[in-house]
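Colleague: Structure, please.
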Amino acid sequence: MINYDYTEILQSEFIKNNKDIGEGLAFQILLSMLRQDQNFHYENVNFVCVEGKLMLAPPIDFEFSTPFLYPDKED
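Modeller: Alright, predicted model coming up:
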């Protein structure tokens, strides 16, 4: 159960110079936190290049993992 710190990435020159990618990445991080994603996959950030333009890809591996980590636990 690792909480990733995206501060350095979000404050990088790349993100500062690519506002759309930064906003998309922040949104993906927020959704990961809201769904309590604990399956170690929310570090999967992917990019695509379409017609020479680099863009953030939609998440490819996400789910509501918390309820399924300990299915036998009753509390």
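
Colleague: downstream neighbour of the lengthiest helix in the chain in the secondary structure list?
Modeller: Taking DSSP state H as the criterion, the chain has its longest helix at helix 19-34. Taking DSSP states H and E as the definition, the helix or strand that follows helix 19-34 towards the C-terminus is strand 47-50.

Colleague: What pairs with that next one, parallel or antiparallel?
Modeller: Strand 47-50 has its sheet partners listed here by DSSP bridges as strand 53-56 (antiparallel).

Colleague: Buried residues of the strand it pairs with, list them for me.
Modeller: residue 56 (16 or more other CB atoms under 10 Å). Glycine gets a C-beta too; all of them are placed from N, C-alpha and C.

Colleague: Likewise for stretch 16-26?
Modeller: Of the residues in stretch 16-26, those buried by neighbour count under the rule 16+ other CB under 10 Å are 18, 21-22, 24-25.

Colleague: who's in contact with it?
Modeller: 6, 9-10, 14-15, 45, 47, 54-56 (CB atoms under 8 Å, 6 or more residues apart in numbering).

Colleague: Of all those residues, the one with the weakest confidence?
Modeller: Looking at the contacts of stretch 16-26, model confidence by pLDDT dips furthest at residue 45: 76.
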